[in-house]
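**Student:** Here's a sequence, model it:
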Amino acid sequence: MTRVQVTETTEEEGPTSLKESEQPQETATSPVLPASRFMIRPEHFARAIDEQRERYAVQEEAEESINKQAAGRQRLIEMAANMDGSGRPPLRGFRLWLARLFGLVPRED
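**Tutor:** Here you go, the predicted structure:
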């Protein structure tokens, strides 16, 4: 294990030194991280932005496709609501009365 010595400098006082025995155990065992660890290179940043734009474009296309399918389903449901089982428009008015008269359509009481 390496020994670490921390020196603090304040504006009012001169430098004060903390020995390893005075330090909390956490700081003595924690590794020292380089300052450049969080540096982002411009080319990496540009590539990340491009990848994110591609993901958003794919997501927008998928959402657009889903919306088109939902609209198509809704149109089909509306069309089917105006048709009976055989694909013809439902009987109304005189035609419905005539079909009931000849027993082609059961009476709905």
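**Student:** mind listing the helices for this protein?
**Tutor:** Along the chain, the segments classed as helices by DSSP state H run 25-29, 42-81, 93-101.
**Student:** Run a quick neighbour tally on Pro90.
**Tutor:** For Pro90, the count of nearby residues is 11 (other CB atoms under 10 Å). (Glycine included, C-beta is placed from N, CA and C.)
**Student:** Over to Arg100?
**Tutor:** Counted with other CB under 10 Å, residues neighbouring Arg100 total 14.
**Student:** what do you get for Ala48?
**Tutor:** Residue crowding around Ala48 was assessed by other CB under 10 Å; the count is 11.
**Student:** For it, give me the pLDDT.
**Tutor:** Ala48 is assigned 94 on the pLDDT scale.
**Student:** How about the backbone phi and psi for Val105?
**Tutor:** Main-chain torsions, Val105, degrees, to the nearest 10: phi -130, psi 130.
**Student:** quick one, what contacts it?
**Tutor:** Shown in contact with Val105 (CB atoms under 8 Å, 6 or more residues apart in numbering): 91, 96, 99.
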